[in-house]
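Enquirer: I need the structure of the sequence given here:
(one chain, ligands or ions: 1)
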Amino acid sequence: MAVARTRSVALVGVTGRSVEIEADVGNGLAGIHLIGLPDTALSEARDRVRSAVVNSTYPWPDARIIVSLFPASLPKRGSQFDLAIAVAILGAAGVVPAERIAEPFFLGELGLDGRIRPVRGVLPSVLGAAKHGDATVIVPSANSAEAALVPDVKVIPVGSLRQLVEWLRKGDEVPEPQVDEGLEASTVTTDPAVDLADVVGQPVARRALEVCAAGGHNLWMLGPPGTGKTMLAERLPTLLPDLELDHALEVTAIHSVAGVLPPNAPMMSRPPFVSPHHTATAAAIIGGGSTIVRPGAVSLAHRGVLFMDEAPEFPRHVLDALRQPLESGRVTVSRSAGSVTFPARFMLVLAANPCPCAQAEDQGENCRCSPTVRRRYLGRLSGPLLDRVDMKVTVVRASRRELMADRQFTESSATVAERVLAARERAAKRLAGTPWRTNAEIPSSFLHSDYRPSPEAMKPMTSCLDSGTLTARGLDRAVRVSWTLADLADKDRPEEDETTAALHFWLGVTS
Ligand SMILES: [Zn+2]
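Expert: I've put the predicted structure just below:
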């Protein structure tokens with residue numbers, strides 16, 4: 001009777017947790033028993049591992065094999081344990097030295113022919129392994145660039161079970177990870193063809209985008225079709241600075257778990273822009289799935305922009321489900337097997353047409369929507385959701401004069417991004433020592449203490465509060481925006497100019 005142990009990593013949301021795998025080859029009726037895996041995954045893993053070993057021309061032990069995965073409570077669905085199960089069995093059978101497999105973490109799915117296939121979530125898995133110090137992680141070749149992003153971890157890329165077994169037997173030099181040229185550089189970039197300079201006119205909406213970018217605020221754009229709402233929203237990421245390393249790793253980990261990491265782009269260093277269609281399922285937007293819980297659009301937009309065009313067309317329960325991530329920066333997906341939490345701190349941009357028939361207002365001779373129909377249409381966006389949107393703007397068609405204006409005076413994304421960066425640096429300095437980096441993240445309680453504007457500056461807001469045009473939550477939103485306006489104006493604190501302008505953005509008074 002022989003026993004061998006090795007390690008792998010299970011993903012809980014986007015967190016990697018160490019899993020011990022033990023194989024026990026001994027007397028008894030020949031067969032393989034897996035303990036600690038759900039039934040369906042169990043039989044599939046058994047078949048893949050056996051075929052891969054046999055097709056790699058290694059002997060399959062003609063004995064009773066028991067493979068256990070600990071801790072049993074961790075979710076272990078999916079195929080990423082194939083490789084660890086195979087090496088544990090080969091270790092117990094004496095094909096590879098058991099002492100060589102005890103320490104490393106093995107990640108990878110086996111093809112029936114013994115090829116090692118890429119798996120999702122390699123970055124968070126390797127980060128999980130790295131917590132154990134001095135980790136060596138064996139990953140599928142196709143995932144090596146992603147794994148190599150994690151510092152202080154020895155990454156061994158392997159393409160087949162045969163290659164892995166030879167390496168374990170000989171202890172040869174570590175095969176160099178095959179990193180393509182240019183992979184280290186920033187990869188997922190916003191389309192360089194997209195620039196704020198493309199937008200004609202729209203001074204109010206352009207200003208709103210700049211303020212959103214500087215403070216991390218949410219935005220609602222109301223206007224008829226063809227006024228450029230989508231074009232404006234798509235340009236918001238071009239105003240944002242590159243992601244700092246810790247944020248880039250978070251974003252990359254989420255996209256890795258979702259299996260949507262762009263090829264040859266292991267590190268996402270630019271803020272993502274995610275624009276789900278209103279017909280997408282709730283699971284696609286919020287997160288979910290029948291066997292494995294996948295992050296939804298709200299998490300794919302983490303540290304970036306979630307754009308919901310034709311927002312009133314989204315199902316009510318999807319819109320309501322946005323409230324949790326908007327408050328907490330996280331989303332919890334509950335299922336019968338338990339719940340999983342994913343990061344989801346995004347800037348929300350909602351766009352809406354003024355009426356359901358989507359006729360341009362100024363060309364809308366065909367629109368017969370009554371005021372009641374229009375009200376009901378926009379009423380689909382609930383008060384509690386709109387209460388969490390800091391700024392509202394009305395987007396109108398560019399005037400003839402704006403269309404004729406000399407484009408060379410139109411500001412480019414780069415010019416605006418410079419002001420955004422300066423404002424963000426100002427805010428970061430003020431927020432140093434706190435967990436927040438943008439004004440949008442400051443909790444309400446601090447807006448009434450450390451970050452309360454002077455009574456003089458608060459006057460326009462308090463009078464709106466008294467008259468009932470401003471709710472308590474609206475007040476908090478507007479105060480946050482006033483801080484961002486102060487940052488953009490290079491002021492130490494918001495003054496009446498900033499609080500008034502913030503109030504107008506909150507109320508949607510843009511003319
Ligand atoms: Zn209409």
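Enquirer: make sure I have this right: Ile65 is in a strand.
Expert: Yes. Judged by DSSP: H, G, I helix; E, B strand; the rest coil, Ile65 forms part of a strand.
Enquirer: surely it meets Ile89?
Expert: Yes. Taking contacts as Cβ atoms under 8 Å, Ile65 lies within contact range of Ile89: 6.0 Å. Backbone N, C-alpha and C define where each C-beta goes, glycine included.
Enquirer: how about the residues of the protein by the ion?
Expert: For the chain, the contact set with the ion under Cβ under 5 Å from the ion comprises 355, 357, 359, 367, 369.
Enquirer: neighbour-wise, which of the residues you listed leads?
Expert: Cys355 (22 neighbours; other Cβ atoms under 10 Å).
Enquirer: torsion angles phi and psi at that one?
Expert: phi -150, psi 160 (degrees, to the nearest 10).
Enquirer: give the contact list for the nearest residue to it once chain neighbours are set aside.
Expert: Among residues not flanking Cys355 along the chain, Cys369 sits closest, at 4.0 Å (Cβ to Cβ, 6 or more residues apart in numbering). Contact analysis of Cys369 by Cβ atoms under 8 Å, 6 or more residues apart in numbering lists 355-357, 377.
Enquirer: show me the shaky parts of the stretch 251-400 of the chain.
Expert: Scanning the stretch 251-400 of the chain for pLDDT under 70 picks out 263-265, 291, 336-337, 359-365.
Enquirer: all strands of it, in order?
Expert: 273-274, 287-288, 294-295, 305-308, 330-335, 338-343, 347-352, 391-394 (DSSP state E, counting those that start in this stretch).
Enquirer: of all those, which lies closest to Ala321?
Expert: Of all the strands of the stretch 251-400 of the chain, strand 330-335 sits nearest to Ala321, with 7.9 Å by Cβ to Cβ.
Enquirer: list the neighbouring strands of that closest one plus their orientation.
Expert: The strands beside strand 330-335 in its sheet (DSSP bridges) come out as strand 338-343 (antiparallel).
Enquirer: can you get me the centre-to-centre distance for the strand it pairs with and its chain?
Expert: From the chain centre to the centre of strand 338-343 is a distance of 13 Å (Cα atoms, centre = their mean, to the nearest Å).
Enquirer: now that strand: buried residues?
Expert: Neighbour counts using 16 or more other Cβ atoms under 10 Å place 340-343 of strand 338-343 among the buried residues.
Enquirer: please name the residues that touch the residue nearest to Ser413 when sequence neighbours are not counted.
Expert: Leaving aside its sequence neighbours, Ser413 sits nearest to Thr238 (Cβ to Cβ, 6+ apart; 3.8 Å). For Thr238, the contact set (Cβ under 8 Å, 6+ apart) comprises 190, 194-196, 413, 417.
Enquirer: quick revisit: next, give me the two most distant ones among the contacts of Cys369.
Expert: Cys357 and Tyr377 (9.2 Å).
Enquirer: ok, now which ones touch Thr484?
Expert: Applying Cβ under 8 Å, 6+ apart to Thr484 gives the contacts 211, 214-215, 217, 423, 427, 439-440.
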